[in-house]
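Visitor: sequence and predicted model, in that order:
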Amino acid sequence: MIKILMICHGNICRSPMAEYVMQHMVRERHLEHKYHIESAATSREEIGNDVHHGTKRKLREVGIACPRRAARQVTRVDYETYDYLIVMDQMNVRNLHRIIGSDPEHKVYKLLEFAGSSRDIADPWYTGNFDETYDDIIEGVTALIDKIESETK
């Protein structure tokens with residue numbers, strides 16, 4: 001099983017959106033038996049809080065389930081548990097390294113790297129643009145699944 005942890009600052013906007021989008025996409029491709037996908041935060045600010053209403057609205061709009069959940073912070077143990085630790089922006093990379101230390105197994109990636117871009121995924125908490133965030137997440141998750149599937153055939 002391929003274990004993926006989506007990570008953003010608070011675990012209420014981008015990372016749960018990426019978690020639910022990827023779960024939906026692997027189900028559509030009948031690959032759910034191959035993947036375990038969760039999400040976490042680099043900060044402790046939103047621990048215990050549910051998904052942001054803007055993320056819920058966008059996912060509902062596109063027909064993706066968004067069950068109630070509680071934000072949690074990433075831990076050092078997550079580095080050992082997951083095959084991929086996928087962050088949304090460069091600040092997440094820096095903050096994640098403060099938590100896990102180094103990345104000797106090269107598990108940490110920015111999501112859009114898989115789509116050939118070094119761009120950050122904008123935080124809709126600040127921009128208010130959940131549509132743009134969703135589009136970037138679709139691009140990154142699609143490329144991530146395609147990469148993994150091409151390597152595991």
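Guide: Structure's in. What do you need? These numbers come from a predicted model, not from an experiment. Residues are numbered from 1 along each chain as shown.

Visitor: what residues does the residue lying closest to residue 95 once chain neighbours are set aside make contact with?
Guide: In space, and not counting its chain neighbours, residue 95 is closest to residue 42: 3.7 Å by Cβ to Cβ, 6 or more residues apart in numbering. Using the backbone N, CA and C atoms, a C-beta is placed for each residue, glycine as well. Counting by Cβ atoms under 8 Å, 6 or more residues apart in numbering, residue 42 touches 7, 8, 9, 73, 74, 87, 92, 95, 96, 98, 99.

Visitor: what's the single longest helix in the chain?
Guide: Criterion DSSP state H: the longest helix present in the chain is helix 130-151.

Visitor: tell me how far that helix is from the chain's mean position?
Guide: Centroid separation for helix 130-151 versus its chain: 10 Å, with Cα atoms, centre = their mean, to the nearest Å.

Visitor: got a list of contacts for it?
Guide: With Cβ under 8 Å, 6+ apart, helix 130-151 has contacts from 2, 4, 13-14, 17-18, 21-22, 25-26, 29, 31, 54-55, 57-58, 62, 84, 86, 111-116, 119, 121-124, 127.

Visitor: coming back round to it: ok, so of the contacts of residue 42, who is nearest residue 67?
Guide: In terms of Cβ to Cβ, no member of the contacts of residue 42 lies closer to residue 67 than residue 8, at 18.2 Å.

Visitor: okay, the contacts of residue 42 in JSON lines with secondary structure, distance to residue 105 and neighbour count next?
Guide: Shown next, in JSON lines, are the contacts of residue 42 (DSSP: H, G, I helix; E, B strand; the rest coil; distance: Cβ to Cβ, whole Å; neighbours: other Cβ atoms under 10 Å):
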{"residue": "7", "secondary structure": "strand", "distance to residue 105": "16", "neighbour count": "30"}
{"residue": "8", "secondary structure": "strand", "distance to residue 105": "21", "neighbour count": "31"}
{"residue": "9", "secondary structure": "coil", "distance to residue 105": "23", "neighbour count": "22"}
{"residue": "73", "secondary structure": "strand", "distance to residue 105": "21", "neighbour count": "17"}
{"residue": "74", "secondary structure": "coil", "distance to residue 105": "15", "neighbour count": "25"}
{"residue": "87", "secondary structure": "strand", "distance to residue 105": "15", "neighbour count": "29"}
{"residue": "92", "secondary structure": "helix", "distance to residue 105": "18", "neighbour count": "27"}
{"residue": "95", "secondary structure": "helix", "distance to residue 105": "19", "neighbour count": "19"}
{"residue": "96", "secondary structure": "helix", "distance to residue 105": "14", "neighbour count": "22"}
{"residue": "98", "secondary structure": "helix", "distance to residue 105": "18", "neighbour count": "8"}
{"residue": "99", "secondary structure": "helix", "distance to residue 105": "15", "neighbour count": "16"}
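
Visitor: cheers, nothing more for now.
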